[in-house]
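**Student:** below: sequence and its predicted model.
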Amino acid sequence: MEAKEYVLDLIQKGRVAQQEFEQFSQEDVDKAVRAIGKIIYDNGEMLAKMAVEETRMGVYEDKIKKNKGKAKAVWAKLKGVKSRGIIEYDDAEGIVKVAKPIGVIGVVSPTTNPTMTPMQNAMIALKGGNAIIVGPHPRAKKTGVETVNLMRQALKEVGAPEDLIQIVPEPTVEISGLIMSECDACISTGGPGMVKAAYSSGKPAFGVGAGNVQTLVDRDADIADVAQKVVVSRIYDNGVLCTCEQCVHVPAEKYDELVAELVKLGAHYISEPADVDALRKGMFPTGAINKDVVGASPAFIAKTAGLECPEEAKLLLVKIEKYGADEYLAKEKLCPVLAIRAYDTWEEAVDVAVTNLKNEGAGHSAVVHSNTKEHVEYAAELLPVSRVGVNMIGSSGLGGGLDNGLNPTATLGCGTWGNNSISENLWWHNLVNIARIAYRLPDKPIPTDEEIWAE
């Protein structure tokens, strides 16, 4: 069967399933959404093991947390939410909102999250009454297939059409491109090439941008607490998440204290200029990240750069002074390597972070450790990012969690900075069309021209 014929067959099956699903009650829709989340939660360990063995990336224990934690957080926030038919009455404006499914959505998943991404995308897509077709990364296709097979099993058990969730077992660039161009909308959570392909597909698309989470530490922050959170985040799944901290900006007078706390927690500190240069060349030999270090251990990364590092080190902490285009180590590092830089004023810290983000990672995220509202808001107004986490663990917090109000997602929109169509965490409301019933308001006061134009 030719690629286009194959893809059109998948889409037709998805359409049949979606049209049947569209007639389901809100209660039955929610049963299906809960079922697919719960089966991934229940099989989190097995799927984590598969992912590590197949992709040779990340940490088994962390992938368990990712699979189970995201399943819990997504269902907790979707539970009880009206998403089908009339979803809101705005009596003051005479508007009634009606949610309608998009149809069949194409999903391109990354090798870094072969279980969590299709699960979350499926849960929010089905919440809105849609069907999805998953195009897994070739390096994670077995894990992707097992993930989808489990979700299909869960759908069958609750009486929902299995073809609401389908997957391409042998993905190719051609098939992924066809899925995106033939579906009603597409979600691309992966590298810049696939995201660009999604936006060039001719269909509405939701993509992501590069991350480069800048972490600003204020003078009133608890340094020991900051260190604890940063280490937990930076080493999570060997640092492959786009939400992991990349560069920490710390007051000059607290620099040594933070370094000491980070070392106490397992960081191997690299500060000698020759060693910093060696690490820079090992990680960014051509200016782009060396793919061999992505998701690798600190000891392996150090060895790649010709440096010595204890096998038990949890992360590499590297001192930098330059920033922006003048410092490769201030870019996104998809591995347990953290840059650290001293600053004199809060304004300087924010300015340097802005420069780093404009060089790479604009539109994504930042973390601010501060108890000063004015400083938090000053940073939030100037940083070109879609989300600013305050006193939180970036890796688990910025993607949404049970302890904050961000929607739990696998797809973090980066706005126009990142050439994305949304600047929020992708959620079910992004995957429905909203029709508005508009009632005339005969008693609504109509202002005069003078009142409208009055200064």
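**Tutor:** Here it is on my side, so go on. Numbers count the residues shown, from 1 in each chain.

**Student:** ramachandran angles for residue 18?
**Tutor:** Main-chain torsions, residue 18, degrees, to the nearest 10: phi -70, psi -40.

**Student:** residue 256 versus the nearest residue to it once chain neighbours are set aside, what's the distance?
**Tutor:** Computed as C-beta to C-beta, 6 or more residues apart in numbering, the closest residue to residue 18 that is not its neighbour in sequence is residue 131, at 3.9 Å. No exception for glycine: its C-beta is placed from N, CA and C like everyone else's. According to C-beta to C-beta, to the nearest Å, residue 131 and residue 256 sit 56 Å apart.

**Student:** neighbour count for those two, which is higher?
**Tutor:** A direct count of neighbours by other C-beta atoms under 10 Å for residue 131 and residue 256 places residue 131 higher, at 31 against 11.

**Student:** quick one: the residue nearest to residue 18 and residue 14 touch, right?
**Tutor:** Yes. Using C-beta atoms under 8 Å, residue 131 is in contact with residue 14, at 4.0 Å.

**Student:** can you pull the residues that touch both of these two?
**Tutor:** Common contacts of residue 131 and residue 14, defined by C-beta atoms under 8 Å, 6 or more residues apart in numbering, comprise 104, 163, 164, 166.

**Student:** in CSV, list those along with pLDDT and distance to residue 183.
**Tutor:** Shown next, in CSV, are those (pLDDT from 0 to 100; distance: C-beta to C-beta, whole Å):
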residue, pLDDT, distance to residue 183
104, 98, 5
163, 98, 14
164, 98, 14
166, 98, 11
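
**Student:** which one of those residues is nearest residue 349?
**Tutor:** Of all the shared contacts of residue 131 and residue 14, residue 104 has the smallest distance to residue 349: 46.2 Å, by C-beta to C-beta.

**Student:** what number of residues lie near the closest one?
**Tutor:** Residue 104: 28 surrounding residues under other C-beta under 10 Å.

**Student:** what's the helix or strand for the nearest residue to it once chain neighbours are set aside?
**Tutor:** Excluding the flanking residues, the one nearest residue 104 by C-beta to C-beta, 6+ apart is residue 14, at 4.1 Å. Following DSSP states H and E, one finds residue 14 within helix 3-21.

**Student:** same question for residue 389.
**Tutor:** Taking DSSP H and E as the criterion, residue 389 maps to strand 385-390.

**Student:** ok, residues contacting that strand?
**Tutor:** Taking C-beta under 8 Å, 6+ apart as the rule, strand 385-390 contacts 357, 361-370, 376, 379-380, 397-398, 404, 406, 412-415, 417-418, 423-425.

**Student:** ok, 7 Å please
**Tutor:** By C-beta atoms under 7 Å, 6 or more residues apart in numbering, the residues outside strand 385-390 that reach it are 357, 363-368, 376, 379-380, 397-398, 406, 413-415, 423-424.

**Student:** in the stretch 151-300 of the chain, which spans are helices?
**Tutor:** For the stretch 151-300 of the chain, helices defined by DSSP state H, counting those that start in this stretch occupy the ranges 173-182, 192-199, 223-234, 255-264, 273-283, 298-304.

**Student:** may I see the ones you listed arranged in TSV, with mean pLDDT as well?
**Tutor:** TSV is the format used below for these (pLDDT from 0 to 100):
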stretch	mean pLDDT
helix 173-182	89
helix 192-199	70
helix 223-234	97
helix 255-264	98
helix 273-283	97
helix 298-304	96
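
**Student:** to residue 95, which of those helices lies closest?
**Tutor:** Here helix 192-199 is closest among the helices of the stretch 151-300 of the chain (C-beta to C-beta), at 30.8 Å.

**Student:** pretty sure residue 333 sits against residue 245.
**Tutor:** No. Using C-beta atoms under 7 Å, residue 333 is not in contact with residue 245; the gap is 10.0 Å.

**Student:** wait, residue 165 touches residue 151, no?
**Tutor:** Yes. At 5.0 Å, residue 165 counts as touching residue 151 under the criterion of C-beta under 7 Å.

**Student:** for residue 329, which non-adjacent residue is spatially closest?
**Tutor:** Excluding the flanking residues, the one nearest residue 329 by C-beta to C-beta, 6+ apart is residue 339, at 4.9 Å.

**Student:** how about low-confidence regions in the chain?
**Tutor:** 1, 190-194 (pLDDT under 70).

**Student:** sorry, back to before: for the residue nearest to residue 329, give me its contacts.
**Tutor:** Taking C-beta under 7 Å, 6+ apart, we find residue 339 in contact with 246, 247, 318, 320, 329, 330.
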